[in-house]
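> give me a 3D structure for the following:
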Amino acid sequence: GDKTEARRRMRDAGVPIVPGASAPVDQIGPALGLAREIGYPLMVKAAAGGGGRGMRMVRAPEELESALASAASEALKAFGDASVYIEKYIVRPRHIEIQILADRERTVHLGERECSIQRRHQKLVEEAPSCAVTEELREWMGAAAIAAAEAVGYLGAGTCEFLLAEDRSFYFLEMNTRIQVEHPVTEMVYGVDLVREQLRIAAGETMRVHRGLLYPRGWALECRITSEDPGNGFLPSTGRIEALRLPGGPGVRWDSGIDTGDEVTLFYDSLLAKLIVWAPDRPQAIGRMARALDELLVLGIATNQGFHRRLMADAAFQQGEIDIQFLERRPDLAAPSLTGEALAELAIAAALAEDEAKRMRRPGVSDDDHASTFWLQHARDEGLR
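Residues are numbered from 1 along each chain as shown. Predicted coordinates:
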């Protein structure tokens, strides 16, 4: 929907929003005036869509005009609408979203999800709850999300996304009026089947969610497994899935639509599957995810599995020191850093593979007395190589 309309409604409902425009901006004059008012850096964003498309960061006045043009062009191609708006750029915020459910009798929230691990403004890892959200902050953000939903008469499952600043102030970002890709982490810590509840509400029934205060139980993590090559700028990878081995065990969930033999093309989103784990606390959830990633095997195409393994082993991630610019500061997580021992192992493996390939290509020598002298000599020549 129209994000500028959503911003206006949230402002009117008393929900905190990021300082910026409440209507699309298409002229450089008014844009420069508003930019002076809110201050740099700022973001130019598409009014009609999301997923990181139609977004540009602007650090100085001379960058604004070109950013407006390029963001509008990308928005038109992606969403059929060139409308863009500008808002203040919040430095190193976390991306926190609140899950809501609303039927014809009440609106409830099911806590937060942390979605700060992103590349190109698109989520890669989600978890619930967030180590940055206290019980008190959860209720404040939950109340803001409920107010946002009730302000528009919302019905069904939805998500209110917020930016959480370092000082714990938070700002409404947008509302996703649908089930989210990352909904399983909420299901696993709150014990609520969100898809079932959404269908019940759509059928005119009431939700089956406890009427008292709800608290998260344990910790859940989700890694999006995509057909992308992190070492090559997360560019898409295509090909045929030659082999697929899935992880398993207690607290491990695999949501996907792929199988051995499937062709992965450029015509669809790169998301292949979601790997979700649950454990009693965050350290155990990270350990369980690391083991599940070790068990997972996808052959035939490049995936971001290795990136996720490195992330789970990273000290800063383990300590919860993350924000939406985390991966911009940590390009080392995209590509593996090979030790001398690992390089030696790869060299030995390559040599063995080449030797095996040569032996497979080498013609055999016939025991027949009438064997061709030419082929006999050729075999001997090959054997000397």
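
> and the residue lying closest to residue 318 once chain neighbours are set aside, what is it in contact with?
Sequence neighbours aside, residue 286 is the residue nearest to residue 318 in space, at 6.1 Å (criterion: CB to CB, 6 or more residues apart in numbering). For glycine as for every other residue, the C-beta is placed from the backbone atoms N, C-alpha and C. Applying CB atoms under 8 Å, 6 or more residues apart in numbering, we find residue 286 in contact with 221, 312, 317, 318.

> please apply the same query to residue 47.
Applying CB under 8 Å, 6+ apart, the residues contacting residue 47 are 2, 3, 4, 24, 75, 81, 83, 84, 85.

> just the mean pLDDT for the strand or helix carrying residue 347, thanks.
According to DSSP states H and E, residue 347 maps onto helix 340-361. Computed over helix 340-361, the mean pLDDT rounds to 72.

> one step back: now, among the contacts of residue 47, which is nearest to residue 117?
The closest of the contacts of residue 47 to residue 117 turns out to be residue 3 (CB to CB; 22.8 Å).

> what does the closest one show for phi and psi?
Dihedral pair for residue 3: phi -70, psi -30, per degrees, to the nearest 10.

> so what's it closest to, chain neighbours aside?
That would be residue 47: by CB to CB, 6+ apart, it lies 5.1 Å from residue 3.

> pLDDT at the one you found, what is it?
92.

> for the stretch 101-250 of the chain, which segments count as strands?
107-119, 122-128, 156-164, 170-176, 219-226, 228-229, 235-236, 239-240, 243-245 (DSSP state E, counting those that start in this stretch).

> to clarify, my last question referred to the stretch 251-385 of the chain.
Using DSSP E, counting those that start in this stretch, strands in the stretch 251-385 of the chain cover 252-256, 263-264, 271-279, 297-299.

> who touches the last one?
Okay, so that is strand 297-299. Contacts for strand 297-299 (CB under 8 Å, 6+ apart): 225, 241, 242, 243, 244, 245, 272, 305.

> give me the neighbour count for the second one.
Just to be clear, that refers to residue 241. Neighbours of residue 241 under the rule other CB atoms under 10 Å: 19.

> of all the strands of the stretch 101-250 of the chain, which lies closest to residue 291?
Closest among the strands of the stretch 101-250 of the chain, using CB to CB: strand 219-226, at 12.0 Å.

> run the angle between that closest one and strand 122-128 for me.
Interaxial angle, strand 219-226 versus strand 122-128 (axes from the mean of the first three to the mean of the last three CA atoms, to 10 degrees): 160 degrees.

> which neighbouring elements make contact with strand 219-226?
strand 122-128, helix 183-190, strand 271-279, helix 282-295, helix 305-312 (3 or more CB pairs under 8 Å, 6 or more residues apart in numbering; DSSP states H and E).

> these: which one's closest to residue 164?
Closest among those, using CB to CB: strand 122-128, at 13.9 Å.
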